[in-house]
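In: Sequence and computational prediction follow.
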Amino acid sequence: RTPTRTPTRTPTRTPPHTPPPHTPPLRLPHIHTIIYLILISSSFILPLSNPLSFPSSTPSSRSSSSSLPPPPSTISTLPPLKTTIYIDGTWLYYSLFTPQSSLPKNWHRTHSLDYDLLPPLITSSVESLIGRRLDVQNTLVFSSLSPDTPTQSHRRRMLSSLSTSASFKVHSYETLGSNEKMVDIALATELLCGSYELCVLVTGDLDFLPAVREVGGRRGKRCFLCSMKSGCSKRWIGEQSLEGVVWMEEFLEKV
């Protein structure tokens, strides 16, 4: 009988124990570091609560339609210009209260006008164009009324409001028949004889163009037109004797 051999087992070696990598203990930042970080971050966060402290990166555009005064930094420190505002009252009435007006129909049933705001809004609009303050010494209104004009008519009420306001000097004439007399001549005469450095003519009527060309062209005075796009003759646009045009539609809602 052949004896049975028991297989020899090779002993298994256990790999040596490798200690885990050393992890440094978590250290909290020092209290001074925390305070420093808070101060640094607050220097960027705090100005956001006051946007006005940041200069605008986009240059502000200025157009002739602007109805607001420019920031004080854009206004010249030169003395204000002596200014007179001339208002064609007849044109103003037709531009506001007749079917030819560009305003919403029957707007006067739900809204009213504060005429005292008209001169300062015109003034601020011109100031924004030239970058200089104006000293408005007179605001003159020229219009007429027929003796049989109803007391509650828009025309008579408008002239009554202008006449009782300290902001205006109204020159009212009597309408004879269906035609006005003396109104345009009176306004043109005052425009030619007025003592001012700058004038603003509120109209869209082309009849005043010769007077404006005399004042702004030959005499070299600064002239501006204030009008409404729906009631302004196209020949005023681009007129060389005018320094600029202000459109009432852009600030009329504030009146």
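Out: That came through fine.

In: Contacts for the helix or strand where Cys226 lies next, please.
Out: Here Cys226 sits within strand 222-227, counting by DSSP states H and E. With CB atoms under 8 Å, 6 or more residues apart in numbering as the test, strand 222-227 has contacts from 81, 85, 122, 125-126, 129-130, 197-204, 212, 215-216, 232, 236, 239, 241-248. Glycine gets a C-beta too; all of them are placed from N, C-alpha and C.

In: Not counting sequence-adjacent ones, nearest residue to Arg248?
Out: Small correction: residue 248 is Met, not Arg. Met228 (4.9 Å; CB to CB, 6 or more residues apart in numbering).

In: if we can go back for a sec, in strands only, show me the contacts of strand 222-227.
Out: Using DSSP state E, Leu81, Ile85, Leu198, Cys199, Val200, Leu201, Val202, Gly244, Val245, Val246, Trp247 are the members of the contacts of strand 222-227 that sit in strands.

In: Please convert those residues to CSV, extending it with distance to Ile185, pLDDT and neighbour count.
Out: Shown next, in CSV, are those (distance: CB to CB, whole Å; pLDDT from 0 to 100; neighbours: other CB atoms under 10 Å):
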residue, distance to Ile185, pLDDT, neighbour count
Leu81, 27, 97, 19
Ile85, 19, 98, 26
Leu198, 23, 98, 22
Cys199, 17, 98, 23
Val200, 20, 98, 25
Leu201, 15, 98, 27
Val202, 17, 98, 25
Gly244, 26, 95, 15
Val245, 24, 96, 19
Val246, 25, 96, 24
Trp247, 27, 94, 19
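
In: could you dump those residues to JSON lines with distance to Met182?
Out: Below are the ones in strands among the contacts of strand 222-227 laid out as JSON lines (distance: CB to CB, whole Å):
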{"residue": "Leu81", "distance to Met182": "30"}
{"residue": "Ile85", "distance to Met182": "20"}
{"residue": "Leu198", "distance to Met182": "26"}
{"residue": "Cys199", "distance to Met182": "20"}
{"residue": "Val200", "distance to Met182": "22"}
{"residue": "Leu201", "distance to Met182": "18"}
{"residue": "Val202", "distance to Met182": "19"}
{"residue": "Gly244", "distance to Met182": "29"}
{"residue": "Val245", "distance to Met182": "27"}
{"residue": "Val246", "distance to Met182": "27"}
{"residue": "Trp247", "distance to Met182": "29"}
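
In: nearest to Asp135, of the residues you listed?
Out: Checking the ones in strands among the contacts of strand 222-227 against Asp135 with CB to CB, the nearest one is Leu81 at 6.5 Å.

In: for that closest one, what are its contacts?
Out: Leu81 touches Arg132, Arg133, Leu134, Asp135, Glu197, Leu198, Arg222, counting by CB under 8 Å, 6+ apart.

In: Return the set of residues that bridge with it.
Out: Beta bridges link Leu81 to Leu134, judged by DSSP bridges.

In: for the one 5 residues further on, same thing?
Out: In this entry, Tyr86 is beta-bridged to Leu140, Leu201, by DSSP bridges.

In: follow-up on the earlier one: can you pull the contacts of the residue nearest to Met248?
Out: Ser95, Ser102, Gly204, Trp247, Met248, Glu249.

In: Lowest pLDDT pick from those?
Out: Among the contacts of Met228, Ser102 carries the weakest pLDDT, at 72.
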